[in-house]
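*Asks:* 3D model of this:
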Amino acid sequence: MTGVITASEPSWITPFSGLSPRQFGKLITALRREGVDPIRRGRPWSLPLEDRVLLVAAYWRTNLTLRQLAPLFGISKSAADRIIDHLGPSLALQPRKRFRKDAVLIVDGTLVPTRDHAVAEQSKNYRYSTNHQVVIDADTRLVVSVGRPVPGNRNDCKAWELSGAKAAVGKTTVIADGGYRGTGLVIPHRREPGQAELPAWKEEHNASHRKVRARVEHTFARMKTWKILRDCRLKGDGVHQAILGIAHLHNMTLAG
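*Replies:* Numbers count the residues shown, from 1 in each chain. Coordinates of the predicted model:
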């Protein structure tokens, strides 16, 4: 069976991976350097590494079922499933372990509708979802860490700690919205009981805070062009691996 989509034809790379052919080539080189494609005994993979990576990216990008996607690459559904299970973790974002002394990070939670009810709960969007705490660098807008998914009915201040995102950033300065009260993060000023309005200087601080914090919302908007984050059918750690992989590809796109 011959496939339609292949990485050997550069015109397929950007629509299905979000990367330019040059960036895609860098990704393949890095994966080979990390030993993702070793020579092994037994039955070889039905696709070269380039096509396997493109298949995983296309699955995240389009959210087609494997029964729909596999024929486009000329392989069986079960082979596509094995490729995604094998390569998904290799594409995951590696969390940053060190930050500049003057670094400023931004955190917010985003809900991913998830079919696996073992890891999801009904949330404010009335769907079974997982809450993902995403931390970005305020200057570069690159994703530096993504917490492990927690049920979607957990509020952000609890998810911040439960997901491991808090531990991942240590004592680095982090900006957040008003939903993170009591966490020690930098949040907007609020009116005290009986206070009609905030002083002018606090209003100015809040306006500046909103402008900077909007960068994480822009990150969510870009990441959710990967349609799997709008309705994830993966089970167990699949949703976590998908958002980590998408964060990695998002960073590569921004870095150029």
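*Asks:* C-alpha from now on. contacts and neighbour counts both.
*Replies:* OK.
*Asks:* packing partners for the one helix or strand Arg22 maps to?
*Replies:* Element membership for Arg22, per DSSP states H and E: helix 21-33. Counting contacts by 3 or more CA pairs under 8 Å, 6 or more residues apart in numbering; DSSP states H and E, the secondary-structure elements packed against helix 21-33 are helix 13-17, helix 49-62.
*Asks:* recalculate using a threshold of 10 Å.
*Replies:* The helices and strands touching helix 21-33, judged by 3 or more CA pairs under 10 Å, 6 or more residues apart in numbering; DSSP states H and E, are helix 13-17, helix 49-62, helix 238-255.
*Asks:* angle of that helix against helix 49-62?
*Replies:* Between the axes of helix 21-33 and helix 49-62, defined by axes from the mean of the first three to the mean of the last three CA atoms, to 10 degrees, the angle is 120 degrees.
*Asks:* what's the distance between helix 21-33 and the middle of its chain?
*Replies:* 19 Å (CA atoms, centre = their mean, to the nearest Å).
*Asks:* for it, which outside residues touch it?
*Replies:* Judged by CA atoms under 10 Å, 6 or more residues apart in numbering, the contacts made with helix 21-33 from elsewhere in the structure are 7-14, 17-20, 34, 36-38, 49-50, 53-54, 87, 90-91, 249, 252-253, 255-256.
*Asks:* ok, back up a step: now for the helices and strands packed on helix 21-33, which one comes closest to Lys124?
*Replies:* Nearest to Lys124 among these is helix 238-255; the distance by CA to CA comes to 19.0 Å.
*Asks:* buried residues, that closest one. List them.
*Replies:* By neighbour count, with 16 or more other CA atoms under 10 Å as the criterion, the buried positions of helix 238-255 are 238-253.
*Asks:* same check on stretch 120-135?
*Replies:* Under the neighbour-count criterion of 16+ other CA under 10 Å, stretch 120-135 has 120-123, 127-135 buried.
*Asks:* where along this structure do the helices fall?
*Replies:* For the chain, the helices defined by DSSP state H cover 13-17, 21-33, 49-62, 66-69, 77-87, 156-162, 165-169, 200-223, 238-255.
*Asks:* contacting residues around Ser123?
*Replies:* Applying CA under 10 Å, 6+ apart, one finds that Ser123 lies in contact with 111-113, 129-131, 151-155.
*Asks:* want to throw the residues you listed into TSV with pLDDT and distance to His189?
*Replies:* Converted to TSV, the contacts of Ser123 look like this (pLDDT from 0 to 100; distance: CA to CA, whole Å):
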residue	pLDDT	distance to His189
Leu111	95	25
Val112	95	29
Pro113	95	31
Ser129	95	30
Thr130	96	29
Asn131	96	25
Pro151	95	28
Gly152	93	26
Asn153	93	25
Arg154	91	23
Asn155	92	20
